[in-house]
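> Kindly generate the corresponding structure for this input.
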Amino acid sequence: MPNPRLTPLPPAVPLLEIAALRAIECDAAHLPLMQRAGAAAATLAATLCTDEGSVLVLAGPGANGGDAFVTASRLRELFFDLTLVFTGDVARLPGDAAAACRDFVAAGGEVSPHIPAGKRWSLIVDGLFGIGLSRAIGGDAAALVAAANTLAARDGCPLLALDCPSGLDAASGIVAGPAIRATHTLTFIAAKPGLFTGDGPDHCGSISVATLGLEAAVARGARGRILARPEFAVQLRPRLRNTHKGSFGNAGIVGGAPGMLGAALLAGRAAQKLGAGRVFVGLLDEKAPGVDATQPELMLRPPASVLAGPLDALLCGPGLGDSEAARSLLASALALPVPLLLDADALNRIAADSVLQVALAARPAPSLLTPHPAEAARLLGSTVASVQADRVAAAQAIARRYAAGVVLKGCGSVIAFADGRWLINTTGNPGMASAGMGDVLAGIVVALLTQGWSADEALLAGVHLHGAAADALAASDIGPIGLTAGETIDAARRLLNAWCAAT
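Okay, here's the model as predicted:
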């Protein structure tokens, strides 16, 4: 079955939370939204049918089923050989959906209670459940989901989900049971966060948006958006010729306890190759070498010496450990009046120490936090399951609590700021699920901070660039299997230079 990667959407695509979406739908109740949705879906469906096989449309018991009925009607008008399966009770359909069903039948369409055997499908349309589903699918609907996935794989045909793949929570990106694995998803009115984070990217395929004429309302109601290069494009410019290493700042990195030198060195190498003028790496391991043979440009120092500066930005945490010395260094780092990025062990220490929490929230200089879900759970005094159940809300809560910019790492990393803004990043691939990737990301971000980027732009660019670098490597058959963190550093450098040269 075709399994296209999540395709890039245009810049500044808004993301709408479900409550905001429902409010827009309510205000637009006088408009023929179901007819518009079905027409848009039929137009896309027609382009996806590349052979003469039949089209299978699965209609569910709610508004999503109504969208499916309208889609089926429009496809019949285009003379497609079409089978519509509906196992519910027409009398219990919502008003608009019931009307769509009656219109389909009145025009000569037939409704079947089961998928006919012996047919070959050129397209399957999933209109079983939309964005309102918050439970695991069971019964006949679960059997239809399984059949749709199996038949699409058997026939190698596209599987188009209307609004949201059935079984996927459009708000959180969680799949709690059987779920459609679509090759294409056409979502209505606006994009929803669950399509792009958590399990969403594994179930949505190529995502497109049919705004149904409500663009202005979406622009007013959306607080989130997809992260794209325009978010930080103002910083992408070629360097002036008349510069020197001091023009690009001093980056400090503190970490590297015994047995964890690699984390701090990976971060240092990333900072050096992404443009920091000078990089000072403070290693807690007293037996650490005095030079990094792989990257001799790094200046390896005792941690206290690094904190004494002068610094333009500081990263604290890679391989920091949990010793009292580590806590003391973290407390000193929090007191410095420079942009500060906290990662890994620094986050764990803060989560366990109320004094450090107060110090972090009170910092006058910018703070950035880069937790993975387990670290995020500790910062919130919660559980990984709770964090993953609503990744956007979790990132927002951390940003508010600690007055910081936050990236909650994972599939569809969520970036949130204390003022309520949030974004989801769509670059990256499974090859990034390997040791040291977070250290490289932290090093990239601190390099941009050191060069004078604002904290917000540095965090956004670092996350987007790191994922794009991994994608470029995977496209060159270097990954995703076996991709290493260190390999993404040079790829990120190439991309950043290309982006700057293109301005």
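
> Figure out the length between the terminal residues of stretch 78-85.
In stretch 78-85, first residue to last residue: 19 Å (Cα to Cα, to the nearest Å).

> Mind listing residues that contact that stretch?
Applying Cβ atoms under 8 Å, 6 or more residues apart in numbering, the set of residues contacting stretch 78-85 from outside is 42, 46, 49, 53-59, 68-69, 72, 75-76, 104, 109-116, 119, 144. The way it works is simple: take the backbone N, C-alpha and C, and place the C-beta from them, glycine included.

> what do you get for stretch 37-44?
Here stretch 37-44 has contacts from 66-71, 73-75, 78, 100, 125, 160, 162-163, 184, 186, 188, 208, 210, 212, using Cβ under 8 Å, 6+ apart.

> pLDDT of it, averaged?
Averaging pLDDT along stretch 37-44 yields 97.

> Alpha carbons only: can I get it in CSV?
Output of stretch 37-44 as CSV, limited to C-alpha atoms (Å, rounded to 0.1, in the frame of the first residue of the first chain):
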residue,chain,number,x,y,z
ALA,A,37,-16.7,19.3,2.7
GLY,A,38,-18.1,16.5,0.6
ALA,A,39,-17.5,18.4,-2.6
ALA,A,40,-13.9,19.0,-1.6
ALA,A,41,-13.4,15.4,-0.6
ALA,A,42,-14.8,14.2,-3.9
THR,A,43,-12.5,16.5,-5.9
LEU,A,44,-9.5,15.1,-4.1
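
> Regarding stretch 82-95, how distant is the last residue from the first?
End-to-end span of stretch 82-95 (Cα to Cα): 24 Å.

> Name the residues of that stretch that are buried.
Neighbour counts over stretch 82-95 (16 or more other Cβ atoms under 10 Å) mark 82-88, 93 as buried.

> in stretch 45-59, what counts as buried?
45, 48-49, 53-59.

> Quick one: mark the members of the residues you listed that sit in strands.
Among the buried residues of stretch 45-59, DSSP state E puts 54-59 in strands.

> residues making contact with stretch 429-440?
The contact list for stretch 429-440, computed with Cβ under 8 Å, 6+ apart, reads 262-264, 266-267, 270, 318-319, 343-344, 370, 372, 409, 466-467, 470-471, 473-474, 479-486, 488-489, 492.

> Please save the CA atoms from that stretch in CSV.
Taking C-alpha atoms only, stretch 429-440 is exported to CSV below (Å, rounded to 0.1, in the frame of the first residue of the first chain):
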residue,chain,number,x,y,z
ASN,A,429,12.0,10.9,11.1
PRO,A,430,12.4,7.7,13.2
GLY,A,431,16.1,7.8,12.8
MET,A,432,16.2,10.5,15.4
ALA,A,433,15.2,7.9,18.1
SER,A,434,18.8,7.3,18.9
ALA,A,435,21.2,8.3,21.7
GLY,A,436,22.6,11.9,21.7
MET,A,437,20.0,13.5,19.4
GLY,A,438,18.8,15.8,22.2
ASP,A,439,22.4,16.8,22.9
VAL,A,440,22.9,17.8,19.3
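
> Go through it and flag the buried ones.
Under the neighbour-count criterion of 16+ other Cβ under 10 Å, stretch 429-440 has 429, 431-432, 434, 436-440 buried.

> thinking again about what came up before, any of the contacts of stretch 429-440 buried? List them.
Among these, those scoring as buried are 262-264, 266-267, 270, 318-319, 343-344, 370, 372, 409, 466-467, 470-471, 473-474, 479-480, 483-486, 488-489, 492 (criterion: 16+ other Cβ under 10 Å).

> Now tabulate the buried residues of stretch 82-95 in CSV and tack on pLDDT and distance to residue 348.
Formatted as CSV, the buried residues of stretch 82-95 follow (pLDDT from 0 to 100; distance: Cβ to Cβ, whole Å):
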residue, pLDDT, distance to residue 348
82, 96, 56
83, 97, 55
84, 98, 54
85, 98, 51
86, 96, 52
87, 90, 50
88, 88, 50
93, 92, 51
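
> where does the protein dip in pLDDT?
In the predicted model, the chain carries pLDDT under 70 at residues 1-11.

> Can you name the residues that contact the most centrally placed residue in it?
Closest residue to the average C-alpha location of the chain: residue 412 at 1.8 Å, with Cα atoms, centre = their mean. The contact partners of residue 412, taken as Cβ under 8 Å, 6+ apart, are 173, 196-198, 200-201, 391, 424-426.

> Select only the buried ones of these in ChimeraX?
Per 16+ other Cβ under 10 Å, the buried members of these correspond to this ChimeraX selection:
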select :173,196,197,198,200,201,391,424,425,426
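
> From the contacts of residue 412, which land in helices?
Among the contacts of residue 412, the members falling in helices (DSSP state H) are 200-201, 391.

> Just give me the closest of those to residue 285.
Of all these, residue 285 sits closest to residue 391, with 34.6 Å by Cβ to Cβ.

> from memory the closest one sits against residue 411, does it?
No - applying Cβ atoms under 8 Å, one finds residue 391 not in contact with residue 411, separated by 9.3 Å.

> Overlap of the contact sets of those two?
Counting by Cβ under 8 Å, 6+ apart, the residues touching both residue 391 and residue 411 are 197-198.

> which stretches of the stretch 351-500 of the chain form helices?
Using DSSP state H, counting those that start in this stretch, the helices of the stretch 351-500 of the chain run over 354-361, 373-380, 384-389, 391-402, 437-450, 455-475, 485-501.

> Report how many residues lie close to the residue nearest to residue 448 when sequence neighbours are not counted.
Closest residue to residue 448 apart from its sequence neighbours, by Cβ to Cβ, 6 or more residues apart in numbering: residue 458 at 3.9 Å. Using other Cβ atoms under 10 Å, residue 458 has 27 neighbouring residues.

> what do you get for residue 322?
The tally of other residues near residue 322 (other Cβ under 10 Å) stands at 12.

> In contact with it, which residues are there?
345, 348-349.
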